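[1] Quick one, what's the 3D model for this:
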Amino acid sequence: MYFSAASRSCSSSKLILAEWIDSFSFIRLARTATIDAMPIAQGPPPKNCPICREMIWSREDRTTLRGAWSRYKLHVHTIHPEYEGWDRRLSWIYVVGILLSLLPLSLLATQVASADLARFLALLALALLVVVIATVSLIRQRGKRRFRELWNQGHGAPMNPM
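    Residues are numbered from 1 along each chain as shown. Next up, the predicted model:
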């Protein structure tokens, strides 16, 4: 009798402990991350929409960083789907541009016998990286301006001019 009560008590405490551990587990984090993905190592999203200038969130809302990103993504997805697709493609151009600027010259720099030539190739790769980032940033800035102008033509002036 004593052992059965103790085993029930032990199994229930193990169950409680397992539920508590599960609440902090990486599996649970992964499940929630797939539902509401947040950019890695990124600050808060813009408070006003970059296209229509509508206020999306504010500090007074007392929203979390994840909540602010959710509101921003929902607004862009529902109101500006063309901009969302364009911005997603442009993000991939960042990734491809960075890889294409760094990998070939860096790999070549590791295979060269001369230390001076290796340094030169490494510096050339870094300079090319800066050029790629600056170019894509300029394309992004001009694209936002173009989307904003098209929005203003179709919907009138923004309610919150910046």
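
[2] ok, residue 83 - contacts?
    51, 76, 144, 147 (C-beta atoms under 8 Å, 6 or more residues apart in numbering). Placement of C-beta: from N, CA and C, glycine included.

[3] which of these has the most neighbours?
    Most neighbours among those, by other C-beta atoms under 10 Å: residue 51, with 23 neighbours.

[4] Residue 148 is in contact with that one, correct?
    Yes - with contact defined as C-beta atoms under 8 Å, residue 51 reaches residue 148; the gap is 5.4 Å.

[5] Distance-wise, check residue 96 relative to residue 89.
    According to C-beta to C-beta, to the nearest Å, residue 96 and residue 89 sit 10 Å apart.

[6] what about the two, which has more around it?
    residue 96 (12 against 9).

[7] Residue 57 sits in which helix or strand?
    In this structure, residue 57 is located outside every helix and strand according to DSSP states H and E.

[8] Near it, how many other residues are there?
    19.

[9] Over to the one 3 residues further on?
    Close neighbours of residue 60, defined as other C-beta under 10 Å, add up to 6.

[10] which helices and strands sit right next to the longest helix seen in the chain?
    The single longest helix within the chain, with elements called by DSSP state H, is helix 115-155. Applying 3 or more C-beta pairs under 8 Å, 6 or more residues apart in numbering; DSSP states H and E, one finds that helix 115-155 contacts helix 81-111.

[11] ok and the longest helix of the chain relative to helix 81-111, angle-wise?
    180 degrees (axes from the mean of the first three to the mean of the last three C-alpha atoms, to 10 degrees).

[12] How far off centre is helix 115-155?
    18 Å (C-alpha atoms, centre = their mean, to the nearest Å).

[13] same question, stretch 54-65
    The answer for stretch 54-65 is 18 Å, by C-alpha atoms, centre = their mean.
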